[in-house]
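**Q** Have a look at this fold, sequence not included:
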């Protein structure tokens, strides 16, 4: 029986754009079965003849649209005849795929995704974790939905993936699934990886992501304060499941372990060091990076509480992730904590508290199982308390500088005569000429803030100088101290003797 075959062009009016233009689509029908695809051009609905399936008028745009329609019809009919002569049966989908370059000779995007995902699944438990495979599987589904949504196709050729495709897909994630920038980042990064495989396999010449930079935005990661942790510890729960969830959460707060690593924590990972201290040693399931965490008293007590009560050699009774986070939310509400409490908040809290309490970021990074310090910095929160503590230390180290700066705030510059008068030291005597000369030379070499400080100090000491000689001795002692501190790179002669006359006196 002869098959029925028809090609129709129409405007997809539910996709009308803000400028009033509507995308043009093509529909192929074979034996009542349809296949549709977008023509990648827009038409003003005022100038479209529905019955004739062509644009009206003699404008340049109308002539261009009609030329595209005519060429497409001719190409589709040729494809139909070729398939009839080659295959036993012809479908609308086969015609569409051959016309679009998606036949067996071409590699499609989802096809390459499927091949990649099958290879990854074989490596689960060896070098790949389940969450990685799930991420690629989910990304593949999002792409499939987008291709159908955007082009009304089941797949698209790898060579059709360009910058515009990537931008449109990202907008699709934002508008249809309410993804954030950081939520879309791993999805786009997986597609970038697939496109890199296509480049390495010679399927395409250039990865379109080379022109598209992916960046994570810095976010304010949640954490709990010490008082909030104490509130959770003090809270009594009638529900035993809530009690278990509280224990697991607190265990993570004091170890920094991720949910998945605690869920799979075994008794064999709890080890004793040479010094007799208890440690948790293992590899992160997510990254396979080693971590070593010393056990504090609180996590020790939690381990002891559930010792021998968990099957399969596991250390703690951890619920599934969805149920666990649901109970964490309930726990936070019962404890009156007005923050979103999730499994990962415990890890953020660990990083923040350890850094606040003075643990180095290198040690924190090692305990968290990070390969780079920059990753740890994303988790760590520098609190006001830590800033205040460190600035107090800084302040105590710059007291002398602080004194100097105080004199710069509009104070009148002190003179040698002012000090002499305040100390009631007489000048002008012939016998004191050499001491006055030396005093003047030292004074002139001093910075004005040092003169201010010396003036203050010499007036408050118990044994104030009452002769010009005593005054010089006090002045030279102070001057040499300033010189030694400020000029470490100076020569020893410069530090010890400001001038030739001083060498003679000493």
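**A** The structure has been received and is ready for your questions. Just so you know, these numbers come straight off a predicted model, no measurement behind them.
**Q** if I've got this straight, residue 330 is in a helix?
**A** Yes: Residue 330 sits within a helix when classified using DSSP: H, G, I helix; E, B strand; the rest coil.
**Q** and it, what is it in contact with?
**A** Going by CB atoms under 8 Å, 6 or more residues apart in numbering, residue 330 touches residue 242. Just so you know, the C-beta spots here come from the backbone N, C-alpha and C atoms, and that holds for glycine as well.
**Q** ok, it to residue 225 distance?
**A** Computed as CB to CB, to the nearest Å, the residue 330 to residue 225 distance reads 20 Å.
**Q** What's the local residue count around residue 173?
**A** Residues lying near residue 173 (other CB atoms under 10 Å) number 18.
**Q** do the same with residue 4
**A** Residues near residue 4, counting by other CB under 10 Å, number 10.
**Q** now do residue 123
**A** A count of nearby residues for residue 123, using other CB under 10 Å, gives 12.
**Q** Quick check: the gap between it and residue 252.
**A** Separation of residue 123 from residue 252 (CB to CB) stands at 28 Å.
**Q** Which residue comes closest to residue 224 once chain neighbours are left out?
**A** Once flanking residues are discounted, residue 224 sits nearest to residue 349: 4.8 Å by CB to CB, 6 or more residues apart in numbering.
**Q** In this structure that neighbour contacts residue 223, no?
**A** Yes: between residue 349 and residue 223 there is a contact under CB atoms under 8 Å: 4.4 Å.
**Q** neighbour count winner among the two?
**A** Taking neighbours as other CB under 10 Å, residue 349 and residue 223 compare with residue 349 leading, 27 against 23.
**Q** Please list all residues in contact with the more buried one.
**A** 223, 224, 229, 253.
**Q** just the residues you listed now: which is nearest residue 127?
**A** For the contacts of residue 349, the minimum distance to residue 127 (CB to CB) is 30.7 Å, reached by residue 253.
**Q** sorry, back to before: would you say the residue nearest to residue 224 is within a helix?
**A** Yes: membership of residue 349 in a helix is supported by three-state DSSP.
**Q** any idea how far residue 413 is from it?
**A** Using CB to CB, we find residue 349 at a distance of 54 Å from residue 413.
**Q** same deal with residue 298?
**A** Counting by CB to CB - residue 298 and residue 413 are separated by 60 Å.
**Q** and those two? which has more neighbours close in?
**A** residue 298 (16 against 10).
**Q** List the residues that contact that one.
**A** Applying CB under 8 Å, 6+ apart to residue 298 gives the contacts 250, 251, 254.
**Q** so what's the last one up against?
**A** Looking back up the chat, that one is residue 254. Residues counted as contacts of residue 254 (CB under 8 Å, 6+ apart) are 296, 298, 299, 350.
**Q** And for the first one?
**A** With contact taken as CB under 8 Å, 6+ apart, residue 250 is in contact with 229, 232, 233, 298, 299, 302, 346.
**Q** Which helix or strand contains the fourth one?
**A** With elements taken from DSSP states H and E, the one containing residue 298 is helix 297-305.
**Q** go on, the third one?
**A** With the criterion set as DSSP H and E, the secondary-structure element containing residue 233 is helix 226-234.
**Q** Also the last one?
**A** In this structure, residue 346 is located in helix 343-356 according to DSSP H and E.
**Q** For that helix, buried residues please.
**A** Buried residues in helix 343-356, defined by neighbour count with 16 or more other CB atoms under 10 Å: 343, 345-356.
**Q** how much distance is there from that helix to the middle of the chain?
**A** Counting by CA atoms, centre = their mean, to the nearest Å, helix 343-356 is centred 15 Å from the centre of its parent chain.
**Q** Kindly write the ChimeraX command that selects the buried subset of the contacts of residue 250.
**A** Buried residues within these, by 16+ other CB under 10 Å, are selected in ChimeraX with:
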select :229,232,298,299,302,346
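**Q** Can you name the two of the contacts of residue 250 that sit furthest apart?
**A** So, the contacts of residue 250 by CB to CB: farthest apart are 232 and 299, at 14.3 Å.
**Q** just the strands in the stretch 201-350 of the chain please.
**A** With DSSP state E, counting those that start in this stretch applied, the stretch 201-350 of the chain shows strands at 270-272, 278-283, 290-294, listed in chain order.
**Q** so what strands line up beside the last one?
**A** Next to strand 290-294 in the sheet, as set by DSSP bridges, lie strand 278-283 (antiparallel).
**Q** before we move on, the earlier item: dump the contacts of residue 298 to a markdown table, plus distance to residue 175.
**A** What follows is these, written out as a markdown table (distance: CB to CB, whole Å):
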| residue | distance to residue 175 |
| --- | --- |
| 250 | 40 |
| 251 | 40 |
| 254 | 42 |
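**Q** Looking at those, spot the one nearest residue 28.
**A** Residue 28 lies nearest to residue 251 out of the contacts of residue 298, by CB to CB, at 60.8 Å.
**Q** To what extent is the closest one buried, counted in neighbours?
**A** 25.
**Q** again with residue 124
**A** Using other CB under 10 Å, residue 124 has 13 other residues around it.
**Q** Contacts only, for it.
**A** Contacts of residue 124 by CB under 8 Å, 6+ apart are 130, 133.
**Q** If it is in a bridge, with which residues?
**A** Residue 124 forms beta bridges with residue 128, as assigned by DSSP bridges.
**Q** gap between it and residue 90?
**A** 41 Å.
**Q** One more: residue 309?
**A** With distances taken as CB to CB, residue 309 is found 66 Å from residue 90.
**Q** which residues touch stretch 42-58?
**A** Contacts to stretch 42-58, defined as CB under 8 Å, 6+ apart, come from residues 8-11, 13, 16-17, 20-24, 59, 61-63, 65-66, 69.
**Q** for the chain, which spans come out with low pLDDT?
**A** 1-2, 86-88, 102-106, 218-221, 378-412, 482-506 (pLDDT under 70).
**Q** Domains in it, by residue range?
**A** The chain resolves into domains spanning 5-99, 109-211, 226-388, 401-505 when parsed by automatic domain parsing.
**Q** Now those domains in a markdown table, please, with extra columns for distance to residue 217.
**A** Output for the domains of the chain, formatted as a markdown table (distance: least, CB to CB, whole Å):
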| stretch | distance to residue 217 |
| --- | --- |
| domain 5-99 | 27 |
| domain 109-211 | 5 |
| domain 226-388 | 11 |
| domain 401-505 | 39 |
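**Q** contacting residues for the residue lying closest to residue 235 once chain neighbours are set aside?
**A** Nearest non-adjacent residue to residue 235, counting by CB to CB, 6+ apart: residue 335, 5.0 Å away. Applying CB under 8 Å, 6+ apart, one finds that residue 335 lies in contact with 228, 231, 232, 235.
**Q** I'd like these as CSV, with distance to residue 156 appended.
**A** As requested, the contacts of residue 335 are exported to CSV (distance: CB to CB, whole Å):
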residue, distance to residue 156
228, 50
231, 53
232, 50
235, 54
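**Q** residue boundaries of the helices in the stretch 51-200 of the chain?
**A** For the stretch 51-200 of the chain, the helices defined by DSSP state H, counting those that start in this stretch occupy 60-86, 92-99, 109-122, 130-151, 163-177, 181-200.
**Q** Alright, I will stop here.
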